[in-house]
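Peer 1: please work out how this folds:
(2 chains)
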Amino acid sequence: MGSYVPATASERREMLQAIGMSAETELYADVPQAMLLDRPLDIPRGMSELEVRSRMEALAAKNKQYDVILRGAGAYDHYIPSIVKYIPAKEEFLTAYTPYQAEMSQGILQSIFEYQTMICQLTGMDVSNASVYDGATAAAEAATMCRDRKRTVTLVSAAVHPDTINTIRTYCYGAGTELRVVPCKDGRTDPDALAQMLTADVASFILQQPNFYGQLEDAKALGAMVHQAKAQYIMSCNPISLALLATPKECGADIAVGEGQCLGMPLSWGGPYLGIMAATAKMMRKLPGRIVGQTTDSEGNLAYVLSLQAREQHIRREKASSNICSNEALCALTAGLYLATMGPEGLKQAAKQSMAKAHYLANALCEIPGVSLKYNGEFFHEFVTVMPKQEEVLAALDREGILGGLPVEDGILWCATEKISRAQLDRAVSLVKEVLA
Amino acid sequence: MKLIFEKSVPGRHSSLLPACDVPEVELDASLCRQEALPLPELCETDISRHYTQLCQRVHGVNCGFYPLGSCTMKYNPRIDEEIAALPGFTSIHPLAPADAVQGCTEVLRLAGEYLCQISGMDGMTFQPAAGAHGEFTGVMLIKQYHDARGDRARTKIIVPDSAHGTNPATAAMCGFEVVNVSSTPDGCVDLDALKAVLGPDIAGLMLTNPNTVGIFDKNILEITRLVHECGGLCYYDGANLNAVMGVVRPGDMGFDCIHMNLHKTFATPHGGGGPGAGAVGCKDFLKQYLPKSAILEGEGSIQVRSFMGNFLVVVKALTYLMTLGREGIREAAVNAVLNANYLMQKIKGTFTPAFDRICMHEFVLDLSEFKKETGVSALDVAKSLIDHGMHPPTMYFPLIVHEALMLEPTETESRETLDEAAEIFRALFEQAHTDPAYMHQAPHHAQIGRPDEVKAARSPVLRWNPA
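Peer 2: Residues are numbered from 1 along each chain as shown, chains lettered A, B, ... in the order given. Modelled structure (predicted):
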């Protein structure tokens, strides 16, 4: 069996004696004896590190690793610079708890302060928190921030990621409030439907940019409609796209949220990811979760602390803005590190190349007879095609180590990033051509 | 030290991406960003040095003793990290077809089996990303159960006054009114107080056992029976599971659902605040209400975040579970309790435990008398510990003990470490009587002196701005 207990058998005996006991079972004297397990747990015996390693490596080997990933839909395969993998593995960052004791946690606190700043720079918003669990919970928490006694209804575009919509729905169900889904037209939010649905009881409207189908929404115009109805405007953004696209601030958003996985986190079958949340200064004290602030210490030196804690569960208990305690701090550190490593030009390159490659792929696919784009609006790095024999196409790509787009409704949702070379895109297109020939 | 932005030099960068090998695309100007993108500009050396300096200003479990009560800061094995970094796990897309992710689904299945056995539950979800998120999920199971039965009168959740703040915050998020029940002098549930609030409006009870003062509530079977009798369900907050895993199971205590903090009990690192993972288990009759991913598994269920959860954290926890196995799990719990009792015994000659009896994996010191005598507060003692290279215990929690310091040594600390810690406590106890002024000013040798938290809250500076 494996063990991380340093005390030897004789040390344990001596320690028991020191507390006046002769057997380990006496430690559990308070537990009703009938309830104690009278048998070992029905799980395998422990193993040595070497045995565990081979077992776990065998499990990893059962997964299929693709050479090329043309699938996104909320999880994006961007290039991760080497240093972005190494730094977060430093044991101090890895093994610290939440920085409650500022005097021995300045490194973590400063990394979060820097992350908060970079998220503000990226989104144009005034203030960011230290992260929440993922993009879906960020959207759900943002909806909670906007509700009050009179305005209880949340609106969400049907072109928001299905997992995000369902998460918001669950949070609304918990709070006993209503979620209404604004329908789409041609792959984008239907502005006429939104206009009709912006009633006096609406607290907020949530838009995703680029939306689930990859389409770019008319985010400024929709935002203006929302504000005219005196509701709050929440934009869920792809942070890499913000190197090119109008910022949530420029679109008039009150709260910007997003899935931060693309900022240096591997796909990892869905997590850990990073929930980004930033807001206008006006909304600052409604933000959930940790926020790091700058102050001075007893000597007047600059110092960083967990701040505005009066919002939080350990102070406010049932009146807190959220129950969140642990967040995704190491993922926030990773995102800050990624943004600093890429720099403004590197991030623009990642965004531009992703967009260029997606358009190259879309054009090449649409040159194949029988293939067309489902929606005609502008897109960033995802798009939906309609074609015959979809299943066979995806299977043919799969056999060649290419994870094709995601089947959605009656089409395929494709994604390309800067990681994929023109030769790889050409290869994928020729395989599609072969199936459809 | 300087912020990363203050180290930026215009034009400096790393060479990361090749030139674009496909034609560039321009977007309509109305869609484009107009404001500047002022991210820092640095080369790799700058970045490496910056983050290395930052990490030297962090105290992790690998640096030294970290007896932060209720946080279970045990050693995080390196093998777990190495396994979770295997490309066979990290490169897997969450929406890859089922036949391409057999290893991932096997990880969840195995981890689920281990944890069902340990908790005495029948079903498990790994979607919740943290402990509080697991609480939310668990209480939403209770809500769905009552709603499905049309039992809409159950609008209240019972939470003991000793509970962690996430418990009442969670109940409120799930739309319940919070009913606080008082504790007995030994921190356990006051049965009379509980009976007084039980009725047809009670949806359930949230409880941790051992409780937040580190004592196993002897009346647990009576408590869960009483709640069930009135039609409520019982939720187990697994924050303190490390004390009892392999010894006694929450399912056998009468609980219907539970969350477990994989980042506490099952040794995955906390990353300076996260990511964690809050596995939620339940009995058979609640399995139908467990959350699902809409995009992966279709709509119709609750969902608490995207996809399947913090998968790599589950990989680390499974690696740990496989290593310890049937004997090691119990051994860890027993030694966590032994270490806590040993440390309490060694400190007892100086500082006063709030409850002078066997503790479980953690214990609380009550410094109110000590403060009256010396003027030195729990905060002063905590800050003085920093000068000795030790992370302070949890301060001023639980709320039912005044001037509280809560210590949880965990099983992975050696006897020498505990002996040294007891010596440090003894030295501070003496110093409080001889030189209290020095302790009011502590820490003296830390990264910073005491920060001005009032200033931070009154005039918030939450981001860097160029001068």
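
Peer 1: what residues of the helix or strand harbouring B:Phe429 count as buried?
Peer 2: Using DSSP states H and E, B:Phe429 sits within helix B:415-434. Buried residues in helix B:415-434, defined by neighbour count with 16 or more other CB atoms under 10 Å in any protein chain shown: B:Arg415, B:Thr417, B:Leu418, B:Glu420, B:Ala421, B:Ala422, B:Ile424, B:Phe425, B:Leu428, B:Phe429, B:Gln431, B:Ala432. Heads up, the C-betas are built off the backbone N, CA and C, glycines and all.

Peer 1: that one close to chain A?
Peer 2: Yes: interface with chain A: helix B:415-434 contributes B:Arg415 (CB under 8 Å from any CB of the partner chain).

Peer 1: ok now that helix, how far from the chain's centre?
Peer 2: Its chain's average C-alpha position is 27 Å from that of helix B:415-434, according to CA atoms, centre = their mean, to the nearest Å.

Peer 1: and that helix, what other elements does it pack with?
Peer 2: helix A:9-18, helix B:311-347, helix B:368-374, helix B:378-387, helix B:436-440 (3 or more CB pairs under 8 Å, 6 or more residues apart in numbering or on different chains; DSSP states H and E).

Peer 1: show me what contacts the nearest residue to B:Thr52 once chain neighbours are set aside?
Peer 2: Nearest non-adjacent residue to B:Thr52, counting by CB to CB, 6 or more residues apart in numbering or on different chains: A:Lys90, 7.6 Å away. A:Lys90 is in contact with B:Tyr51, B:Thr52, B:Cys55, counting by CB atoms under 8 Å, 6 or more residues apart in numbering or on different chains.

Peer 1: which residue, other than its chain neighbours, is closest to A:Leu155?
Peer 2: Of all residues not flanking A:Leu155 in the chain, A:Phe205 sits nearest, at 4.3 Å (CB to CB, 6+ apart).

Peer 1: wait, is the one you found part of a strand?
Peer 2: Yes: the assignment for A:Phe205 by DSSP: H, G, I helix; E, B strand; the rest coil puts it in a strand.

Peer 1: tell me the contacts of it?
Peer 2: Residues near A:Phe205 by CB under 8 Å, 6+ apart: A:154-157, A:182, A:194, A:198, A:222, A:226, A:231-234.

Peer 1: for B:Asp237, give me its contacts.
Peer 2: The neighbourhood of B:Asp237, defined by CB under 8 Å, 6+ apart, consists of B:Gly131, B:Glu135, B:Ala163, B:His164, B:Asn167, B:Met206, B:Leu207, B:Thr208, B:Ile258, B:His259.

Peer 1: bridged to it, which residues?
Peer 2: Going by DSSP bridges, B:Asp237 is paired in beta bridges with B:His259.

Peer 1: longest helix of chain A?
Peer 2: helix A:329-366 (DSSP state H).

Peer 1: list the buried residues in that helix.
Peer 2: Within helix A:329-366, the residues that qualify as buried by neighbour count (16+ other CB under 10 Å) are A:329-344, A:346-362, A:364-365.

Peer 1: cool, stretch B:102-119 as well?
Peer 2: Applying a neighbour-count criterion of 16+ other CB under 10 Å, one finds B:103-104, B:107-108, B:110-119 buried in stretch B:102-119.

Peer 1: check the offset of the longest helix of chain A from the chain's centre.
Peer 2: How far helix A:329-366 lies from its chain's middle: 15 Å, per CA atoms, centre = their mean.

Peer 1: counting by contacts, list what that helix packs against.
Peer 2: Helix A:329-366 is packed against helix A:82-86, helix A:91-95, helix A:106-123, strand A:372-373, strand A:382-386, strand A:411-415, helix A:422-436, helix B:44-55, with contacts defined by 3+ CB pairs under 8 Å, 6+ apart.

Peer 1: need the contact list for the residue lying closest to A:Val84 once chain neighbours are set aside.
Peer 2: Leaving out its chain neighbours, the residue that sits closest to A:Val84 by CB to CB, 6+ apart is A:Gly264, at 4.4 Å. Going by CB under 8 Å, 6+ apart, A:Gly264 touches A:His78, A:Ile80, A:Pro81, A:Val84, A:Thr334, A:Ala335, A:Leu337, A:Tyr338, A:Thr341.

Peer 1: what's the closest non-adjacent residue to whichever residue of the stretch 51-200 of chain A sits closest to chain B?
Peer 2: In the stretch 51-200 of chain A, the residue that lies nearest chain B is A:Ala60 (2.8 Å; CB to the nearest CB). Leaving aside its sequence neighbours, A:Ala60 sits nearest to B:Gly88 (CB to CB, 6+ apart; 2.8 Å).

Peer 1: what about that neighbour, which helix or strand?
Peer 2: Judged by DSSP H and E, B:Gly88 forms part of helix B:87-90.

Peer 1: which SS class is B:Tyr66?
Peer 2: Criterion first, three-state DSSP; result for B:Tyr66: coil.

Peer 1: so what's the residue count around it?
Peer 2: 27 (other CB atoms under 10 Å in any protein chain shown).

Peer 1: roughly how far does it sit from chain A?
Peer 2: B:Tyr66 is 7 Å from chain A, where distance means CB to the nearest CB, to the nearest Å.

Peer 1: that residue against B:Met73, yeah?
Peer 2: Yes: here B:Tyr66 reaches B:Met73: they are 4.0 Å apart, a contact under CB atoms under 8 Å.

Peer 1: if I pick the closest residue to A:Gly270 other than its chain neighbours, what's in contact with it?
Peer 2: Closest residue to A:Gly270 apart from its sequence neighbours, by CB to CB, 6+ apart: B:Phe307 at 3.0 Å. The contact partners of B:Phe307, taken as CB under 8 Å, 6+ apart, are A:Gly74, A:Ala75, A:Asp163, A:Trp269, A:Gly270, A:Gly271, B:Pro94, B:Leu95, B:Gln127, B:Ser293, B:Ile295, B:Leu296.

Peer 1: any idea which of these is closest to B:Thr224?
Peer 2: The nearest member of the contacts of B:Phe307 to B:Thr224, counting by CB to CB, is B:Gln127 at 25.5 Å.

Peer 1: on that earlier part again, quickly list what the residue nearest to A:Leu155 is bridged to.
Peer 2: A:Leu155, A:Tyr233.
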